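# Give the three-dimensional model of this entry:
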Amino acid sequence: MPTVSVLIPNYNRASMLQDAVRSALAQTYQDFEILVVDDGSTEDIPAALAPFGNRVQYARKENGGCASAKNYGLRLVTGEYLAVLDNDDLWLPTKLERQVEVLRSKPDVGMVSCQAFIMEDHGRVFARPPQGSRRQQPLVRLAELAEQNVIAGGSSSEMVRISALRAIGGFNADIDFVDDWDCWLRLAREWKIWLIPEPLSYYRINSQGYRNHAPRPAQADAVHANALRVLKQAFADWPRTEGDPRPTEARAYAREYLRHALVLYAIGRSAEGRMAWETAISRDASLAADPATVRAAIVACATGYALGLSTSQRMQQATAVLNNILSDLPEQTRFLLDQRVQLAAELLAELSFLAAQEGDPSGARWLGWQCLTRDASWARNIGLLKLILTGGRNYWPVPVQQHMARFG
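Model prediction:
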């Protein structure tokens, strides 16, 4: 029986799947099995896996979504620990080794995660701090995880005790978009969650796909509804050992309603956006009207909806989102009107760095200049000035294979 079961839920994207499998096979820790669960793909997935021979097991099921594919695989795997690898993500070579060490040495830990490098559509790694790099504390408290999902890198960054995962019923296939978060919350009620401080995986951002702060317009309400379901269940089942859940519950709902409010503004549903923001304020005004929290949320939403566009279109889109928000603010957040210029410059600076991280030096320079023309105080930002002078050479993305070679 292998120690680790590597489970790859898959729907199409055969070429990306092959890269994912290669990164699993290249692990320094080799006591594992690999199972690909094909969730009703229309592509010829067995042909894509043929080069790997008997190193990879294959199972096919009718299409039912990622959570159902993971549950299907959970019933088939034979290892002690489960490591899920999404078919568009990759692992660094020591990922399994490091995580097995933690689970073997800490019997009270049910799941171990890690930081993750960000990778774009074409397999280039952004020169930015990995997801989760600001975190210092390795243990994740249930209250912290309930307020927001602090686990970096999606499901590809985790390793879980299979017995623990089966005991809580696996993944909830009735929850879309946030099924991982739901699963980790249920796991955290019984087990400790540990975060390794180094990046050991690559998380791919699909510029045309779903992002938490910028879901597709047709999915906006479903994302919100599923997040509310997760929160409702989490606080209904709150362990007595965790103390009074009400302060955490207030912050969690305020954060989610604020996120959804900004999405509604972004997609042109401003009246509903204002109502959602007012709901957030009614839950926890100290968070939903906090300048730092609100500004960070606005920047994340506006830049998220600007991905996949040309440089000039990105500026137009991000500016349109900001203008939509500022046109109909709740009373408690009118302070943002006095910060319109600074907010616009902050958005442009973020877009400028993003352009550099995608290998677009001319776009990075242009957006950087646009930032300076709106708020001259950015001239004190050495990073932005260097970006304008060099086109962001230090931020240019590195092909993932070259990047991985640095850690070999």
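
# what residues are up against E256?
With contact set as CB atoms under 8 Å, 6 or more residues apart in numbering, E256 has these partners: 224, 227-228, 231, 280. For glycine as for every other residue, the C-beta is placed from the backbone atoms N, C-alpha and C.

# Domains in this structure, by residue range?
Using automatic domain parsing, the domains assigned to the chain come out as 4-206, 217-399.

# quick one, which of the ones you listed is nearest to F407?
F407 lies closest to domain 4-206 among the domains of the chain, at 5.4 Å (CB to CB).

# ok now the closest one, how far from the chain's centre?
With CA atoms, centre = their mean, to the nearest Å as the basis, the distance from the averaged C-alpha position of domain 4-206 to the chain average is 13 Å.

# can you put the domains of the chain in TSV and add distance to R406 and mean pLDDT?
Converted to TSV, the domains of the chain look like this (distance: least, CB to CB, whole Å; pLDDT from 0 to 100):
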stretch	distance to R406	mean pLDDT
domain 4-206	10	95
domain 217-399	8	94
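
# rewinding a little: neighbour-wise, which of the contacts of E256 leads?
Neighbour counts for the contacts of E256 were taken using other CB atoms under 10 Å; the highest belongs to A280, which has 28 neighbours.

# Look up how far D38 lies from it.
Per CB to CB, to the nearest Å, A280 is found 41 Å from D38.

# E198 now?
Noted for E198: a distance of 32 Å to D38, by CB to CB.

# Check Y11 too.
In this structure, Y11 and D38 are separated by 8 Å, where distance is defined by CB to CB.

# between those two, which one's more packed in?
Neighbour count, other CB under 10 Å: between Y11 and D38, D38 has more, with 24 against 18.

# Which neighbours in the sheet does the helix or strand where the more buried one lies have, and how are they oriented?
Following DSSP states H and E, the helix or strand that holds D38 is strand 32-39. The pairing partners recorded for strand 32-39 under DSSP bridges are strand 4-10 (parallel), strand 57-61 (parallel).

# related to what we said a few turns ago, closest one of the contacts of E256 to L76?
Distance to L76 across the contacts of E256 (CB to CB) is lowest for A227, with 29.9 Å.

# my read: the closest one touches I175, true?
No: taking contacts as CB atoms under 8 Å, A227 lies outside contact range of I175: 9.2 Å.

# any chance you could map the strands in the protein?
Taking DSSP state E as the test, the strands found in the chain are 4-10, 32-39, 57-61, 81-84, 90-91, 109-119, 124-125, 139-140, 159-161, 192-204, 398-399.

# out of these, which comes closest to G304?
In this view, the strands of the chain are compared for proximity to G304 by CB to CB, and strand 109-119 is the closest at 13.1 Å.

# so what does the closest one touch, helix or strand wise?
Using 3 or more CB pairs under 8 Å, 6 or more residues apart in numbering; DSSP states H and E as the contact criterion, the secondary-structure elements in contact with strand 109-119 are helix 95-105, strand 124-125, strand 159-161, helix 179-188, strand 192-204.

# so of these, which one's packed in deepest?
For the helices and strands packed on strand 109-119, ranked by mean neighbour count under the definition mean count of other CB atoms under 10 Å, the leader is strand 159-161 at a mean of 24.

# one step back: would you turn the strands of the chain into JSON lines with distance to P215?
As requested, these are arranged in JSON lines below (distance: least, CB to CB, whole Å):
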{"stretch": "strand 4-10", "distance to P215": "20"}
{"stretch": "strand 32-39", "distance to P215": "21"}
{"stretch": "strand 57-61", "distance to P215": "26"}
{"stretch": "strand 81-84", "distance to P215": "22"}
{"stretch": "strand 90-91", "distance to P215": "24"}
{"stretch": "strand 109-119", "distance to P215": "18"}
{"stretch": "strand 124-125", "distance to P215": "24"}
{"stretch": "strand 139-140", "distance to P215": "25"}
{"stretch": "strand 159-161", "distance to P215": "26"}
{"stretch": "strand 192-204", "distance to P215": "17"}
{"stretch": "strand 398-399", "distance to P215": "29"}
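
# Which of the ones you listed sits closest to Y253?
When those are ranked by distance to Y253, counting by CB to CB, first place goes to strand 139-140 at 19.7 Å.

# same for that closest one, what does it pack against?
Judged by 3+ CB pairs under 8 Å, 6+ apart, the packing partners of strand 139-140 are strand 192-204.

# ok, the strand it packs on: who's next to it in the sheet?
When sheet partners are counted by DSSP bridges, strand 192-204 sits next to strand 90-91 (antiparallel), strand 109-119 (parallel), strand 139-140 (antiparallel).

# Return the most buried member of those strands.
With neighbours defined as mean count of other CB under 10 Å, those peak in mean count at strand 90-91, which reaches a mean of 26.

# For that strand, give me every contacting residue.
Counting by CB under 8 Å, 6+ apart, strand 90-91 makes contact with 19-20, 23-24, 26-27, 85, 119, 156, 200-202, 204, 400, 404, all of which sit outside it.

# can we see that at 7 Å?
Outside strand 90-91, the residues within contact range by CB atoms under 7 Å, 6 or more residues apart in numbering are 19-20, 23-24, 27, 85, 200-202, 400.

# quick check, nearest of those residues to A127?
Once CB to CB is applied, the member of these that ends up nearest A127 is V400, at 12.6 Å.

# The closest one - nearest residue in space that isn't next to it in sequence?
Counting by CB to CB, 6 or more residues apart in numbering, G123 is the residue found nearest to V400 once chain neighbours are left out, at 4.5 Å.

# and if you look at S327?
Counting by CB to CB, 6+ apart, the nearest residue to S327 once its immediate chain neighbours are dropped is S270, at 6.5 Å.

# Many thanks, we can stop here.
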